[in-house]
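> fold the following for me, if possible:
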Amino acid sequence: MRDSAGLTQEDLAARLDIHPTYVSQVERGRRGVRWHTVLRFLDALGASLHQLAEAIAEAERQQRASGQ
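As a prediction, this is how the structure comes out:
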């Protein structure tokens with residue numbers, strides 16, 4: 001979703017006033033997030049919960065298609 005929004009990890013981190021390393025860790029699944037943080041990320045991306053659900057479903061389809 002970040003890529004689709006045309007943002008770098010640094011751009012998103014600046015919008016959220018957090019360190020870019022945190023964004024990287026979240027994206028790679030190395031760091032868990034609370035619901036409030038998910039909502040902050042969506043707001044910073046200008047995205048909705050519906051778009052997040054669609055992105056998750058698409059990522060799962062791609063994983064199944066690649067045999068992972």
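> what segments of this structure are helices?
9-16, 20-27, 35-45, 49-65 (DSSP state H).
> contacts for the second one?
Put plainly, it is helix 20-27. With CB atoms under 8 Å, 6 or more residues apart in numbering as the test, helix 20-27 has contacts from 2, 9-10, 12-13, 16, 31, 33, 37, 41. All C-beta spots, glycine's among them, are computed from the backbone N, C-alpha and C.
> buried only: go through the residues you listed for me.
With burial judged by 16 or more other CB atoms under 10 Å, the buried subset of the contacts of helix 20-27 is 2, 9, 12-13, 16, 41.
> hmm, back to that, in TSV, list the contacts of helix 20-27 along with distance to Q63.
Putting the contacts of helix 20-27 into TSV (distance: CB to CB, whole Å) gives the following:
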residue	distance to Q63
R2	19
Q9	22
E10	27
L12	23
A13	26
L16	27
R31	20
V33	20
T37	23
F41	21
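> just curious, which of those residues is nearest to R64?
R64 has its nearest neighbour among the contacts of helix 20-27 in R2, at 22.8 Å by CB to CB.
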